[in-house]
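J.: What shape does this take:
(4 chains)
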4 protein chains.
Amino acid sequence: MSEELDQLQHRLAAFAHERDWERFHTPRNLAALISTEAGELLALFRWDQDALNEQRDRVEEELADVLLGVLRFADVADIDLISAAQRKLRRNAATYPVESTTGPDRPSRL
Amino acid sequence: MSEELDQLQHRLAAFAHERDWERFHTPRNLAALISTEAGELLALFRWDQDALNEQRDRVEEELADVLLGVLRFADVADIDLISAAQRKLRRNAATYPVESTTGPDRPSRL
Amino acid sequence: MSEELDQLQHRLAAFAHERDWERFHTPRNLAALISTEAGELLALFRWDQDALNEQRDRVEEELADVLLGVLRFADVADIDLISAAQRKLRRNAATYPVESTTGPDRPSRL
Amino acid sequence: MSEELDQLQHRLAAFAHERDWERFHTPRNLAALISTEAGELLALFRWDQDALNEQRDRVEEELADVLLGVLRFADVADIDLISAAQRKLRRNAATYPVESTTGPDRPSRL
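T.: Numbering: from 1, shown residues only, chains lettered A, B, ... in the order given. Below is the predicted model of the structure:
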């Protein structure tokens, strides 16, 4: 994985270790964490399209929380994040070929 | 940002551009996407602690979906993800000093 | 629908009307609201199985928030909640016949 | 509680009992269920404001899933849903007095 992500994962692992929190960091607990952090990000946009301008710091913080959860999950579950993301992108390209998805169609994926 | 993340973001941007999907990729829509993808990851663990062993491919795919959503959001919202994550880690370290969070205490963060 | 639910829906509608919030209460916004409220409920259980004993008031409040969101959504979208729930229960009974779902099988639904 | 809700809760309890699923229905598991069902509802609106017209059946079904999850949670956790909802409505009225929340202000609650 990239150096920066590696470093973030190591710091997260050390953070958990120093606080004796490793026992809480099961894949299941981390999946719940990621979901609740994503909910906090969404909450900023609940009624309002302009959260980005009005509360950029909060948005950045909540987005970071989701990323940290994803990195910690990948570490605990021994998943190579970058490879998994590249694989998913290839799969999406096969599922949504350019020819059939342009125009007025509604997309379902990134 | 790291080369691999940069590359993923560029491929996501090209993917959206080729399909004329950029108009759907507002921060608000992407926040909803991230939240629903995180819900799909959590759903794999809903009743069961062992999703990781029984459905590793699905777990990797859903985790990748969350990461791709986060990367696309960061691109559209012009957020430097790695800096935001490093900043959040420093903040967490200040909020949860080692001395006060070890022992039987219940953590609330990564 | 039941008298109590009817009454709650009327109070929610009046609440929105008095504050000129009806324009925010689109089905889409309310779906995002329900999801974020459900995330707040889940957050109470993130690391801990015992939230119910330790923070019963918070749990009741977050559960109520989800119910209120569901009631408001049903009102705005003109959905008969009780009928929809009864229909879904019948569908679940057909999808998961008793004979094939007992034993060590992992359920996916209520 | 209302007769219809009571009846739904009894049918949910019987449904779980017949399939030996009660052991899965802890408050924590049900909180995760509610959150993932709410995510499925939101997913219908992810890119599109018109899910209600285009997929009304799916919307009703997902909304019903959230309600069933809330009813089952309340039963297992011994929460009087209607009372909890009434209490929350009163609290919201105190938090958001009519005078201070009309106009251009952004609401944060139902």
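
J.: Tally up the residues packed near residue A:86, please.
T.: Counted with other Cβ atoms under 10 Å in any protein chain shown, the neighbours of residue A:86 add up to 17. Yep, even glycine has a C-beta here, placed from its N, CA and C like the rest.

J.: oh, I was asking about residue A:74
T.: 23.

J.: Roughly how far does it sit from chain C?
T.: 18 Å (Cβ to the nearest Cβ, to the nearest Å).

J.: Ok, residue A:15 next?
T.: Distance, residue A:15 to chain C, by Cβ to the nearest Cβ: 15 Å.

J.: what is the mean pLDDT for the helix or strand that contains that residue?
T.: Using DSSP states H and E, residue A:15 maps to helix A:3-18. The average pLDDT for helix A:3-18 rounds to 94.

J.: In contact with residue A:13, which residues?
T.: A:72, A:75 (Cβ atoms under 8 Å, 6 or more residues apart in numbering or on different chains).

J.: Show me which positions of the lengthiest helix in chain A end up buried.
T.: When chain A is parsed with DSSP state H, its longest helix is helix A:56-76. For helix A:56-76, burial by neighbour count (16 or more other Cβ atoms under 10 Å in any protein chain shown) applies to A:59-76.

J.: Please name every helix or strand in contact with that helix.
T.: On a contact count with 3 or more Cβ pairs under 8 Å, 6 or more residues apart in numbering or on different chains; DSSP states H and E, helix A:56-76 meets helix A:3-18, helix A:27-44, helix A:51-54, helix A:81-95, helix B:27-44, helix B:56-76, helix B:81-95.

J.: where's it relative to the chain centroid, distance-wise?
T.: Helix A:56-76 sits 6 Å away from the centroid of its parent chain (Cα atoms, centre = their mean, to the nearest Å).

J.: burial count for the residue lying closest to residue A:73 once chain neighbours are set aside?
T.: Spatial nearest neighbour of residue A:73, excluding adjacent residues (Cβ to Cβ, 6 or more residues apart in numbering or on different chains): residue A:30 at 4.3 Å. Counted with other Cβ under 10 Å, residues neighbouring residue A:30 total 26.

J.: Quick check: residue A:30 touching residue A:68?
T.: No: using Cβ atoms under 8 Å, residue A:30 makes no contact with residue A:68, being 10.1 Å away.

J.: By mean pLDDT, point me to the weakest helix or strand of chain A.
T.: Across the helices and strands of chain A, mean confidence by mean pLDDT, DSSP states H and E is lowest for helix A:98-101: a mean of 73.

J.: Report whether that helix contacts chain D.
T.: No: Helix A:98-101 does not reach chain D (Cβ under 8 Å from any Cβ of the partner chain); its nearest approach is 12.1 Å.

J.: and the closest residue to chain B within chain A, what does it touch?
T.: Of all residues in chain A, residue A:2 sits closest to chain B, at 3.1 Å by Cβ to the nearest Cβ. Residues near residue A:2 by Cβ under 8 Å, 6+ apart: A:82, B:2, B:3, B:4, B:5.

J.: Which pLDDT value belongs to the nearest residue to residue A:43 once chain neighbours are set aside?
T.: For residue A:43, ignoring the flanking residues on the chain, the nearest one in space by Cβ to Cβ, 6+ apart is residue C:36 at 4.2 Å. At residue C:36, the model reports a pLDDT of 97.

J.: I'd like to know how many residues surround residue C:36.
T.: Quick note: residue C:36 (other Cβ under 10 Å) scores 27 neighbours.

J.: Surely it touches residue A:44?
T.: No: counting by Cβ under 8 Å, residue C:36 stays clear of residue A:44, with 9.3 Å between them.

J.: Show me what counts as buried in the helix holding residue A:15.
T.: A:4, A:5, A:8, A:9, A:11, A:12, A:13, A:15, A:16.

J.: and the gap between the last one and residue A:75?
T.: When distance is defined by Cβ to Cβ, to the nearest Å, residue A:16 is 9 Å away from residue A:75.

J.: for the first one, same thing?
T.: Here the distance between residue A:4 and residue A:75 works out to 14 Å (Cβ to Cβ).

J.: Sketch out the low-pLDDT regions of chain A for me.
T.: Counting by pLDDT under 70, chain A contains low-confidence ranges at A:1, A:48-49, A:101-110.

J.: mind redoing it with 50?
T.: A:103-104 (pLDDT under 50).

J.: Show me how far stretch A:65-77 is from its chain's centre.
T.: On Cα atoms, centre = their mean, the centre of stretch A:65-77 falls 8 Å from that of its chain.

J.: Just the CA trace of that stretch, in PDB.
T.: What follows is stretch A:65-77 as a C-alpha-only set of coordinates in PDB (Å, rounded to 0.1, in the frame of the first residue of the first chain):
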ATOM      1  CA  ASP A  65     -13.300   9.500  10.600                       C
ATOM      2  CA  VAL A  66     -14.800   7.300   7.800                       C
ATOM      3  CA  LEU A  67     -11.300   6.900   6.200                       C
ATOM      4  CA  LEU A  68      -9.700   6.100   9.600                       C
ATOM      5  CA  GLY A  69     -12.400   3.500  10.200                       C
ATOM      6  CA  VAL A  70     -11.800   1.900   6.800                       C
ATOM      7  CA  LEU A  71      -8.000   1.800   7.300                       C
ATOM      8  CA  ARG A  72      -8.400   0.300  10.800                       C
ATOM      9  CA  PHE A  73     -10.800  -2.300   9.400                       C
ATOM     10  CA  ALA A  74      -8.500  -3.200   6.600                       C
ATOM     11  CA  ASP A  75      -5.600  -3.700   9.000                       C
ATOM     12  CA  VAL A  76      -7.500  -5.900  11.400                       C
ATOM     13  CA  ALA A  77      -9.100  -7.900   8.600                       C
END
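
J.: ok, and what's touching that stretch?
T.: With Cβ under 8 Å, 6+ apart, stretch A:65-77 has contacts from A:5, A:8-9, A:12-13, A:16, A:25-27, A:30-31, A:33-34, A:37-38, A:40-41, A:79-81, A:84, B:34, B:38, B:52, B:59, B:63, B:66-67, B:70, B:81, B:84-85, B:88-89, B:110.

J.: 6 Å - rerun?
T.: By Cβ atoms under 6 Å, 6 or more residues apart in numbering or on different chains, the surrounding residues in contact with stretch A:65-77 are A:8-9, A:12, A:25, A:27, A:30, A:33-34, A:37-38, A:81, B:52, B:66-67, B:70, B:85, B:110.

J.: What's the separation between the residue nearest to residue A:73 and residue A:21?
T.: Taking Cβ to Cβ, one finds residue A:30 at 11 Å from residue A:21.

J.: State the distance from residue A:19 to residue A:9.
T.: Counting by Cβ to Cβ, the gap from residue A:19 to residue A:9 is 16 Å.
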